[in-house]
Each structure stands twice: as structure tokens, then as C-alpha cells.
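K.L.:
Provided below for reference: sequence and predicted model.
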Amino acid sequence: MYSESTRRLHSRKSKGLYRDRLTLEGSQGANVSIAGQDYLSFCSNDYLGLANHPELIQAVCEGAQQYGVGAGASHLIIGHHTSHHNLEEMLADFTGFPRALLFSSGYMANAGVVSALVGRGDEIYSDKLNHASLNDAAMLSNAKWIRYPHLDLAILESRLSVSQAKCKLVMTDAVFSMDGDIAPVAELLVLCEKYNAWLLLDDAHGFGVVGNEGRGIVSHYGLSSPRIIYMATLGKAAGVSGAFIAGQEVVIETLIQYARSYIYTTAMPPLLSYALLKSIELIRREGWRRRKITQLTEYLKNNLKFLRWTLLPSDMPIQPVIIGENREVMQVRNKLQNRGILVPAIRPPTVPKSSARLRISLSAAHSIKDVERLAAALRELE
Ligand SMILES: *Cc1c(COP(=O)(O)O)cnc(C)c1O
């Protein structure tokens, strides 16, 4: 037993794929502290800089006063509190769907919704670059899993057009987590209508960032359809934790009855859903945060234009710099760290082979000066 685990760990190390963790001493933000040292960080998904917002911290304290700490049970037993309920209503209204249902994480939301809607004999169509949680959800569901090349709608259509399955589900990252590009949702919806399929949109990186007042990808494209099942997470731009599915009444009722990752788990602490009510208010009210991300993103792209490394064409705060080989990406990452700058190196299997990259994440908590410091360091290191 142990010798096999040890062998696998060694093998991962020898390929330059070993992963380890940094331990933050304080809060998330543009500046973080690790082992007594300060770093400028471009790692977090806290795009709007809300994770440490004073009004959110205040809301968590109020939520604890009102609800205590733990939910105490699953939603279906006795763990469903008014703060969960009010948040679900607010999220449905904000994203433009009849109903919404809270989950404890995006990973669990994806696992729950896919297995609740499709199973043996059904078919799932998914983009090759989808997030791992969607892939795992597909495997867990026992449906036939068909992956199409990234954004290749012609191949998707050729597969859909010959399908005999009773129930079909097309699923995609709305904003791709490691590339920062956006799925052509309107075109996907046309295919789903033509071939009678559900369309599951994972908007983990779009919610709070794109669309009118940060309402997400559906608002960004101005779409509305009963085929759309919308998933977004609450631990990224919303700055807290958790996730939700929004959709039609029947979809949400189906989840309450059949989504195992909803049923067999303790509800999120009600103080968090209480804080999330404030978070949604901040997302809407502080529009300057989105404008700032746009400004920082443009500034970074302009300053990295002439690098030897390829910048992926992203207009999102996710800005990947493709380095290629695992060792080289780790070297660049380490040299940046020596200069007091943290940028995560993303390697296979999270991304395809030979496309190891620095994944720069910008946040409204950064300043132009911060971005200039990063750009200057990268120009020096290339
Ligand atoms: C982060 C992420 C998830 C998982 O959400 P958690 O709440 O962190 O579990 C799902 N899908 C995508 C695209 C993500 O980036």
C-alpha cells in the first residue's frame, strides 16, 4: 500500500507536477502575508475584492448574532433558515430565473444538478476545457459522456444530430476558468433548442463580473430560456462561499428531490447566507469595482503585448500567460515569488499537456501600480 503511494508521489515530483500550498497569515487581498513576508498576489478569484470587505465582515457578525454558527442539519431536515431562503429569492431575482437553490460549493452544485437531470441511457455533451467539477459530475451521473473540442460547435452539432438519447444535456463553463475566454452561449442555446437538450452554464467566473450590475453571463448575452440551467459560485466574485443553481420551478423541485449533494449534507452556515445578502447588494451597488477590473485588464494586456510568451485572448480578469513546459513555468513562478509577487503556475492535468501557464487573476483590490510592477517583472524575466 504505502510503497505504491510513495511511488506515485515520487513520479509526480519527477515530472515537475508536485503541488504544494502557501499558508496565508491574514485575509485575502492584493497584498497577502506568508511566513512573515508580504507579497503582491495575483492568485485569488476574489475578483471584486469583496472577501475582506468591512460591510461583509459586519454582516457575518450580525448573522452570527441572529442565527448562531452552524446550520445544525441538512436543508431537508431542519437546517433551512430564513437567511438561506431570502438569499435564494434574491439570487433568483438577480439572475432572472423563477427559482434558485443554494449548495455548499460549486463542486457539489455541479455534481448534484447533473446526476439529478441525467442518468444511464442519457447523454452529456461537454466542452473539453470545462472545469473538473463538471467532468466529475458527468462521470458520477452514469450518462454517456461526449466531449467536444473547445468551442467547436460544428462537432457538437454533428454529435447532437445523430443522438438517439431521450434526455440530452449540453454543459459548458460560461467563462473558462483557466483560459478566460467566454462560451458562445447564444449559439449553444440555438443548438439546444434544435436538438432538444438542456443547457447547463457554469458561471463561476462570470457571476458578479459580467452582465448588467454583475448579474452574470445570461444578462451579458441578454438571453432567457427555460432550457437554461444556471450555476454560479459564491466564493469567487461574491467573496464568501457556496454556490447556487437557478432555473425553472420544475428544475429546482427536481433538485430538492434528487440532488444527492443537496440532500445528504449539512446546510451552509446561515451566517454565510446572511452575509451573502450583503454581498449581492455590494455587487450591484459598487459598480466601480467592475469598471476597475476592466481598466486593470486593459492596462495589463497593453503592457504584456510584446512578451515572448503567448497571452491568451481574454478580456476577463483571468489573464493566462502560456509558458509551455512544467519546469519553466515553475522557474518563472519562483523568480516572481523571490521578487515578492505571487502568480499561480497551472500545470497538467488542470490544463492540457505543454500548455503550463501563469494564471494571472486581477481584482478590484489591485491598483494600476500593482499591475505595472507585475508587468515589469515579467518583462525582465522572459
Ligand atoms: C471554482 C469553480 C467551481 C467550483 O466551485 P467551488 O464553490 O469552489 O466548489 C466550479 N466550476 C468552475 C468553472 C470553477 O471555476
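P.N.:
In hand now; what should we look at?
K.L.:
Next one: the residue of the chain found nearest the ligand from residue 193, what distance?
P.N.:
Closest approach between the chain and the ligand, counting by Cβ to the nearest ligand atom: residue 106, at 2.2 Å. C-beta here means a position set from N, CA and C on the backbone, and glycine is covered the same way. The spacing between residue 106 and residue 193, counted by Cβ to Cβ, to the nearest Å, is 26 Å.
K.L.:
Same question for residue 234.
P.N.:
Taking Cβ to Cβ as the measure, residue 234 falls 30 Å from residue 193.
K.L.:
ok, those two, which is more surrounded?
P.N.:
residue 234 (30 against 12; other Cβ atoms under 10 Å).
K.L.:
who in the stretch 151-300 of the chain is up against the ligand?
P.N.:
Residues of the stretch 151-300 of the chain lying close to the ligand (Cβ under 6 Å from any ligand atom) are 173, 177, 202, 204-205, 233, 235, 243.
K.L.:
residue contacts, residue 257?
P.N.:
residue 116 (Cβ atoms under 8 Å, 6 or more residues apart in numbering).
K.L.:
Tell me which helix or strand it sits in.
P.N.:
Assessed by DSSP states H and E, residue 257 sits inside helix 249-258.
K.L.:
Backbone dihedrals for the residue most central in space within the chain, please?
P.N.:
In the chain, the C-alpha nearest the mean C-alpha coordinate belongs to residue 204, at 3.1 Å (Cα atoms, centre = their mean). Here is the backbone geometry of residue 204 (degrees, to the nearest 10): phi -50, psi -40.
K.L.:
ok, it to residue 174 distance?
P.N.:
From residue 204 to residue 174 the distance is 8 Å (Cβ to Cβ).
K.L.:
re the thing from before, show me the residues of the stretch 151-300 of the chain next to the ligand that map onto strands.
P.N.:
173, 202, 233, 243 (DSSP state E).
K.L.:
quick one: contacts for the second one?
P.N.:
This points to residue 202. Per Cβ under 8 Å, 6+ apart, neighbours of residue 202: 106, 110, 130-131, 133-134, 171-174, 231-232.
K.L.:
just checking, residue 304 touches residue 321?
P.N.:
Yes. Residue 304 is within contact range of residue 321, at 7.1 Å (criterion: Cβ atoms under 8 Å).
K.L.:
hey, what's in contact with both of the two?
P.N.:
311, 378.
K.L.:
Show me which parts of the helix holding residue 257 are buried, residue by residue.
P.N.:
By neighbour count, with 16 or more other Cβ atoms under 10 Å as the criterion, the buried positions of helix 249-258 are 251-252, 254-255.
K.L.:
In CSV, list these along with distance to residue 5 and pLDDT.
P.N.:
Listed next are those as CSV, based on distance: Cβ to Cβ, whole Å; pLDDT from 0 to 100:
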residue, distance to residue 5, pLDDT
251, 41, 98
252, 42, 98
254, 40, 98
255, 37, 98
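K.L.:
What segments of the stretch 151-300 of the chain are helices?
P.N.:
Shown for the stretch 151-300 of the chain, the helices assigned by DSSP state H, counting those that start in this stretch span residues 153-161, 185-194, 217-221, 249-258, 260-263, 270-285, 288-304.
K.L.:
Could you check these and tell me which one is nearest residue 76?
P.N.:
Set against residue 76 and scored by Cβ to Cβ, those come closest in helix 260-263, at 5.9 Å.
K.L.:
got the CA positions of that closest one in PDB?
P.N.:
C-alpha atoms of helix 260-263 as PDB (Å, rounded to 0.1, in the frame of the first residue of the first chain):
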ATOM      1  CA  ARG A 260     -27.800  13.900  -3.500                       C
ATOM      2  CA  SER A 261     -25.100  16.600  -2.900                       C
ATOM      3  CA  TYR A 262     -28.000  18.800  -1.700                       C
ATOM      4  CA  ILE A 263     -29.900  16.200   0.300                       C
END
